[in-house]
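A.B. asks: model the following, please.
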Amino acid sequence: MKSKLVVFILFAFVVSISAQEVNVPVKVKDAFAKMHPTAKDVKWGKEGKKEFEAEFKENGIATSLVFNREGKLLETETVIKVTELPKGAAEYVAKTHSGYTISEAAKIVNAKKMITYEAEVTKGKEKKDLFFTVDGKPIVKKETHDNDEEKGENAPKHK
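C.D. replies: Residues are numbered from 1 along each chain as shown. Coordinates of the predicted model:
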């Protein structure tokens, strides 16, 4: 009886994993392949309800691209060093988020070539994403926690 239960649990696990696969439109995959023909180990996911995200490393740099269903590039996010955030970002975090440290940083370029920066700040297990202009000014918006995405009035919009 126990072996049947184990087999059933394993089967349910495999089915749940395969159900999470993302069906990426051919136009999206073709657009990505034209931009990054040598990219390996691309992980595809959904970004919102209508967009697709490709995560990969190129030249050792973690990058993600967001496309619409037609294969139009909407956003590029590239991991950067925390020290590459615009001047003022670290001071803002220290002043407004006591006890938090900047754990990750990224440069985001939208389809209109507007650049913003993202700083993931952590305090213990709590995480927040903060966004900044190229001048290092915070983009005012509601805060998000953990894996939620934060969007504000000055943030690049792709959803």
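A.B. asks: poorly predicted segments of this structure, please.
C.D. replies: 1-20, 141-159 (pLDDT under 70).
A.B. asks: can you rerun that using 80?
C.D. replies: 1-21, 141-159 (pLDDT under 80).
A.B. asks: quickly list the domain ranges of it.
C.D. replies: Following automatic domain parsing, one gets these domains for the chain: 20-75, 81-152.
A.B. asks: what's the spacing between the longest one and its chain's center?
C.D. replies: Which is domain 81-152. Relative to the centre of its chain, domain 81-152 is centred 13 Å away, using Cα atoms, centre = their mean, to the nearest Å.
A.B. asks: helices along the protein, start to end?
C.D. replies: Remark: helices assigned in the chain by DSSP state H are 2-19, 26-35, 89-96.
A.B. asks: tell me if I'm right that M35 and G71 touch.
C.D. replies: No - judged on Cβ atoms under 8 Å, M35 makes no contact with G71 at a distance of 10.0 Å. In this view, the C-beta of every residue, glycine as well, is placed from N, C-alpha and C.
A.B. asks: re earlier: got the domains of the chain as CSV, with mean neighbour count columns?
C.D. replies: Below are the domains of the chain laid out as CSV (neighbours: other Cβ atoms under 10 Å):
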stretch, mean neighbour count
domain 20-75, 14
domain 81-152, 15
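A.B. asks: E120 pairs with what?
C.D. replies: E104, D129 (DSSP bridges).
A.B. asks: contacting residues around it?
C.D. replies: Residues in contact with E120 (Cβ atoms under 8 Å, 6 or more residues apart in numbering) are I102, S103, E104, A105, K127, K128, D129, L130.
A.B. asks: hang on, isn't the third one packed against V79?
C.D. replies: Translated: E104. Yes - taking contacts as Cβ under 8 Å, E104 lies within contact range of V79: 6.9 Å.
A.B. asks: and stretch 77-84, how far out from the chain middle?
C.D. replies: 13 Å.
A.B. asks: for it, output the C-alpha coordinates as PDB.
C.D. replies: Below are the C-alpha coordinates for stretch 77-84, written out as PDB (Å, rounded to 0.1, in the frame of the first residue of the first chain):
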ATOM      1  CA  GLU A  77      16.800  43.600 -17.400                       C
ATOM      2  CA  THR A  78      20.500  43.100 -16.700                       C
ATOM      3  CA  VAL A  79      22.000  42.200 -13.300                       C
ATOM      4  CA  ILE A  80      24.600  44.800 -12.300                       C
ATOM      5  CA  LYS A  81      26.900  45.200  -9.300                       C
ATOM      6  CA  VAL A  82      25.300  47.100  -6.400                       C
ATOM      7  CA  THR A  83      28.100  49.700  -6.700                       C
ATOM      8  CA  GLU A  84      26.800  50.400 -10.300                       C
END
